[in-house]
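Asker: Got a predicted structure here, sequence first:
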Amino acid sequence: MSTIIVNCGEIAHLSTGDTTKPISGHKMLDKESLVHPKGNAILIKNGKISLIDDNDAILDEYIPWYVGGNISKNGYNIIDADSKAIIPGLVDSHNHLVWSGDRSNELSLRQAGNSYLDIAKLGGGIKKTVQSTRNSSFSELLSKATERLEIAITYGTTALEAKSGYGLCNETEEMILKVISSVEQNSNCKVFPTWLGAHDIPEGKSRKGYLEELIHEQLPNIYKNKLAKWVDVFCEPGWFTIDETELIVKASQEMGLSSRLHVDEFVDSGGLSLAAELGSSSGDHVAFSSDESRSLATKLGTMQTFLPGTPYVLGKEINLPIQKCIDESWNFSIATDFNPNYPSLSMPFVGSLLSHRLNINPLVSLIASTRNPATSLFDLDQMRGSLSIGSPADLNIISSSFIDGWCQTPGINPIIKTMIDGTIVNSNKSI
């Protein structure tokens with residue numbers, strides 16, 4: 001059965017130019033070339049967009065008998081958008097989906113003046129979550145991850161990268177990645193696995209000993225069992241050094257695995273430059289990266305991924321150079337960084353942080369949440385993140401007639417319906 005979405009408000013198709021590449025610079029603000037005006041309809045066949053055209057033209061050609069409402073008739077499933085806007089499915093390209101435990105007490109520790117590193121030294125942080133995760137069964141982790149993914153979908157996410165990293169031993173890292181695989185197999189949402197064994201040095205292990213385990217035990221196991229598409233390293237002072245990160249990534253490259261790296265979250269340690277030089281798909285956090293490294297990343301095809309939710313929950317100023325990235329035409333994306341410190345799966349809220357706190361146009365925030373991150377996740381022949389003829393029908397109907405409304409309701413979900421491959425996977429409310 002084909003689907004027709006009629007009476008659409010604005011449609012953010014974001015399909016200008018080569019859709020396998022990100023949009024950058026002031027092209028991100030060119031609404032005329034990126035958004036269809038109100039008054040169109042979308043025809044979907046076999047899970048892909050077949051046509052976007054004037055509403056009356058599609059009605060006359062395909063369903064001249066249609067008189068209104070949401071109905072299924074004569075081989076068509078008809079959805080009346082009631083003049084609400086359509087945006088592509090949201091793409092969360094940095095997410096720690098699988099973990100167990102509770103670190104809510106760390107807020108008061110931060111308020112008392114303790115830094116992220118201080119809390120880690122007190123027994124909190126990553127190591128605390130590792131202990132809880134190691135004590136959880138596969139079924140317990142699968143249940144939590146499945147629930148979280150369902151929540152993400154209700155907020156319009158149709159593709160998501162999911163990291164391990166809360167096992168820090170071969171057995172638990174493998175279990176986390178197998179949970180991610182099980183979640184993906186049972187969901188319409190596209191879920192991409194990343195191995196983050198190098199998230200921290202576990203208790204009871206020397207730095208040298210754990211590096212040897214990562215390279216000679218965990219990595220071969222990940223590769224042999226095809227458990228991850230990428231590797232990641234928490235490349236920050238106090239965690240893994242530049243040299244250690246390079247060692248792990250190069251060992252991974254020898255096995256054909258690409259990388260996505262945590263870099264420059266707290267200081268500029270040269271992490272983004274390293275990510276670009278190593279050919280990483282993305283360098284994430286990048287709050288303190290240099291201008292030179294941002295330019296290099298764009299030149300060499302490494303996506304900058306900003307995670308504004310992290311400084312937000314850490315009580316820090318959200319001082320990210322998004323506007324400069326626009327002015328300099330440096331590619332960038334945004335993502336949730338869902339984790340025990342920032343347990344939010346809402347991409348619209350991340351967009352709100354950019355638009356409400358950093359004065360970034362909502363269209364720019366949307367591109368950074370859809371087409372741009374999709375280019376760092378999907379293979380060229382499977383690309384998502386935009387809406388055009390022949391593209392997979394991954395989209396959201398939002399509660400505003402204007403696409404700008406996608407990120408203007410923090411605390412209230414702006415998503416009405418979510419579709420993946422032409423199938424409705426979420427209906428938060430009736431239209």
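Answerer: Yes, it's here. Numbering: from 1, shown residues only.
Asker: use CA for all of it now, contacts and neighbours both
Answerer: Fine.
Asker: From the structure, what's the count of residues near Gly256?
Answerer: Per other Cα atoms under 10 Å, the neighbour tally for Gly256 reads 11.
Asker: For it, give its distance to Lys224.
Answerer: Gly256 sits at a distance of 11 Å from Lys224 (criterion: Cα to Cα, to the nearest Å).
Asker: Please parse the chain into its domains.
Answerer: 2-88+388-427, 90-382 (automatic domain parsing).
Asker: buried sites along stretch 39-52?
Answerer: Buried residues in stretch 39-52, counting neighbours by 16 or more other Cα atoms under 10 Å, are found at 39-45, 47-52.
Asker: err, stretch 86-103, not the other one
Answerer: 86-100.
Asker: ok, now which ones touch the residue nearest the centre of the chain?
Answerer: The residue lying closest to the centre of the chain (Cα atoms, centre = their mean) is Asp92, at 1.2 Å. Asp92 is in contact with Thr157, Ala159, Leu160, Glu161, Ile334, Ala335, Thr336, Met347, Ser369, Pro373, counting by Cα atoms under 8 Å, 6 or more residues apart in numbering.
Asker: let's see it at 6 Å
Answerer: Asp92 is in contact with Leu160, Ala335, counting by Cα atoms under 6 Å, 6 or more residues apart in numbering.
Asker: Show me what it is bridged to.
Answerer: Leu160 (DSSP bridges).
Asker: After the helix-or-strand element of the chain with minimal mean pLDDT, heading C-terminal, what element do we hit next?
Answerer: Across the helices and strands of the chain, mean confidence by mean pLDDT, DSSP states H and E is lowest for helix 116-121: a mean of 87. Sequence-wise, the next helix or strand downstream of helix 116-121 (DSSP states H and E) is helix 125-134.
Asker: SS state for Gly209?
Answerer: helix (DSSP: H, G, I helix; E, B strand; the rest coil).
Asker: likewise the one 5 residues further on?
Answerer: Of the three states, Leu214 takes helix under three-state DSSP.
Asker: all strands for the stretch 51-200 of the chain, in order.
Answerer: For the stretch 51-200 of the chain, the strands defined by DSSP state E, counting those that start in this stretch occupy 71-73, 76-80, 86-88, 90-92, 157-163, 190-198.
Asker: Of these, which is nearest Ser137?
Answerer: Counting by Cα to Cα, Ser137 lies closest to strand 157-163 out of the strands of the stretch 51-200 of the chain; the figure is 17.7 Å.
Asker: Now do that closest one and strand 190-198, the angle between them.
Answerer: Per axes from the mean of the first three to the mean of the last three Cα atoms, to 10 degrees, the angle that strand 157-163 makes with strand 190-198 is 20 degrees.
Asker: circling back to that earlier point, sort out which one of the buried residues of stretch 86-103 lies nearest Leu29 for me.
Answerer: Using Cα to Cα, those come closest to Leu29 at Ile87, 15.5 Å.
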